[in-house]
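Peer 1: A structural model of the following input is requested.
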Amino acid sequence: MRNWNQFGVIETIYEEEREFSSTSSSPPSLHSIVNAWSLDSGCETDVSILVQGTSFRLHKDRLISRSSYLKRHLTAVSNVTLSPPLNITAETFAALAEFCYCRRVQLTAGNVVAVRTAAELLGMTGEENLRDVAEAYFERLVVGVDAPLVLRSCVALLPDSETTASLASRCIEAMVWEVNDVDDGFLDVVLEIRPRDFVTVAYSLNRRLPNHDVLYKMVDLYLKENKYEKVTEEQRSEICNSIDCTKVSPHTLVDCVQNPRMPLRFIVRAILVEHLNTRRSVAAAATTCGPQVERTSLREFLQRDTAHRQRAQLKEAMDSTYSRIQSLEKELRGMKKILMDHHADESHILNSERSLSASFHYVPTAAAAAPLESSQIQRGGRGSVSSSGFLLDNNNNIQLGRYDLSLRSCHDERRDTQKMSRGFGHRFITGLKNAFRISNN
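Peer 2: Below you'll find the model as predicted:
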């Protein structure tokens, strides 16, 4: 018998054997399968695949016959490294390599998601392919009690597990159909999803669920209870937009409108859908409550009672919607008033600065000869007159607001005052002279 080293089996294969073969009763390990193939074919291993620091010495023809990805990358080289963005572990690749040799793989609830995802990423989709084998096993698990465990495996491999085969959303869908509500069995698992991955899962559920009541509850609880990573406003909007308001029941729609965790744009969309549904329901109720015959049977009485209850529910929904609209309008009016006040303050400050800067303009004139007459002081534009400035024109007239004061009038009044003073003094002296009988000479 040939030595194992003659077939290129290196130490890493033995490490894989100790890792994946725990008991003597276990199925043959990858190490045993590779060596058995080497003995039967007489061919040594000719390629090396490096996965997370573990090297696998394998046969090229076995790999390229099952994987389109490896076929493309092993065309001209004999060494390939499987690294991110490929989310494949050494253990998962060992299961894939085993399938390439003997078309069987050991699947469990813990590894089926990883094998299914890796099979899609490596293009193992040909005849009798690993993707179909893992898919069939996955479908059997998600309808049973192993669904929460499978969902946890999906969360660990996001976003690949969702983008390749919608595995996480299918787990949630199966569990929802099982309990017809948001169950605590998977709620804790859902809360561990990162916001950017939750967006992907939510949009997958949007396409899969005919009724979005469960999706709304899941989104609401995620936004309320998420403590692992902060949800940004953009992510919040994307998550909420995954909910189709036309696929939500009237009761849940009312809750959407009143939910403060929902973005404003989503609330407005929910209000519009609610109004449309209300109009349709009112029209249907009016048709149901048509003219009644005098004799009322039990069936007619129940129908009438149902119609009354529907009208009461519709009235309650309309009142709630109207209250919510008033609240939104009040907030918008407040925001508008703040903006208007802000713009008014800016305009007032700007006008004040303009008034101060343009209060006085010194405009020299060439027509006047005296220093006072050689300048014209005015406010605002050239030649304008206002109450806050004064103007000295070529005739020596000072204009202050509406009042015009003439320098000439001022000089005349001064001469009149001096004349009056001299006349009074002359009369006073004359009187004294007369009193003492002093001659005029």
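Peer 1: got the buried residues for stretch 241-259?
Peer 2: By neighbour count, with 16 or more other C-beta atoms under 10 Å as the criterion, the buried positions of stretch 241-259 are 241-245, 247-248, 250, 252-257, 259. Heads up, the C-betas are built off the backbone N, CA and C, glycines and all.
Peer 1: Can you list which of those are found in strands?
Peer 2: Among the buried residues of stretch 241-259, no member is found in strands (DSSP state E).
Peer 1: Can you give me the distance of residue 111 to residue 201?
Peer 2: 21 Å (C-beta to C-beta, to the nearest Å).
Peer 1: Next, residue 80: phi, psi?
Peer 2: Phi and psi for residue 80, reported as degrees, to the nearest 10, are phi -130, psi 140.
Peer 1: Verify the contact between it and residue 74 for me.
Peer 2: Yes - Residue 80 is within contact range of residue 74, at 6.1 Å (criterion: C-beta atoms under 8 Å).
Peer 1: Now for those two: what residues contact both?
Peer 2: Shared contacts of residue 80 and residue 74, defined by C-beta atoms under 8 Å, 6 or more residues apart in numbering, comprise residue 47.
Peer 1: In three-state terms, label residue 49 for me.
Peer 2: strand (DSSP: H, G, I helix; E, B strand; the rest coil).
Peer 1: gap between it and residue 161?
Peer 2: 22 Å.
Peer 1: what about those two, which has more around it?
Peer 2: residue 161 (29 against 22; other C-beta atoms under 10 Å).
Peer 1: hmm, who's touching the helix or strand where that one lies?
Peer 2: Per DSSP states H and E: residue 161 is located in helix 160-165. By C-beta under 8 Å, 6+ apart, the list of residues contacting helix 160-165 from outside reads 87, 113, 116-117, 120-121, 135, 153-155, 167-169, 197, 200-201, 204.
Peer 1: cool, stretch 213-231 as well?
Peer 2: Under C-beta under 8 Å, 6+ apart, the answer for stretch 213-231 is 172, 176, 181-182, 187, 190-195, 198, 202, 205-206, 209, 236, 239-240, 242-243, 248-249, 252, 255-256, 259, 261.
Peer 1: Keeping just the C-alphas, turn that stretch into PDB.
Peer 2: C-alpha atoms of stretch 213-231 as PDB (Å, rounded to 0.1, in the frame of the first residue of the first chain):
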ATOM      1  CA  ASP A 213     -49.800  43.400  10.200                       C
ATOM      2  CA  VAL A 214     -47.000  41.100  11.400                       C
ATOM      3  CA  LEU A 215     -44.400  43.000   9.600                       C
ATOM      4  CA  TYR A 216     -45.600  46.200  11.200                       C
ATOM      5  CA  LYS A 217     -45.500  44.700  14.700                       C
ATOM      6  CA  MET A 218     -42.000  43.300  14.100                       C
ATOM      7  CA  VAL A 219     -40.800  46.700  12.800                       C
ATOM      8  CA  ASP A 220     -42.400  48.600  15.700                       C
ATOM      9  CA  LEU A 221     -40.800  46.200  18.300                       C
ATOM     10  CA  TYR A 222     -37.500  46.400  16.600                       C
ATOM     11  CA  LEU A 223     -37.500  50.200  16.700                       C
ATOM     12  CA  LYS A 224     -38.700  50.200  20.300                       C
ATOM     13  CA  GLU A 225     -36.500  47.500  21.800                       C
ATOM     14  CA  ASN A 226     -33.300  47.600  19.700                       C
ATOM     15  CA  LYS A 227     -30.300  48.200  22.000                       C
ATOM     16  CA  TYR A 228     -27.500  46.600  20.100                       C
ATOM     17  CA  GLU A 229     -26.800  49.400  17.600                       C
ATOM     18  CA  LYS A 230     -28.200  52.900  17.000                       C
ATOM     19  CA  VAL A 231     -30.800  53.200  14.200                       C
END
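Peer 1: And that stretch, what's buried?
Peer 2: Quick answer for stretch 213-231 (16+ other C-beta under 10 Å): 213, 214, 215, 216, 217, 218, 219, 220, 222, 223, 226, 231.
Peer 1: Residue 314: which of those is nearest?
Peer 2: residue 213 (19.0 Å; C-beta to C-beta).
Peer 1: What mean pLDDT does stretch 131-141 get?
Peer 2: What stretch 131-141 shows for mean pLDDT is 93.
Peer 1: Name the surrounding residues that touch that stretch.
Peer 2: For stretch 131-141, the external contacting residues (C-beta under 8 Å, 6+ apart) are 99, 105, 107, 109, 112-113, 115-116, 119-120, 124-125, 147, 150, 165, 167.
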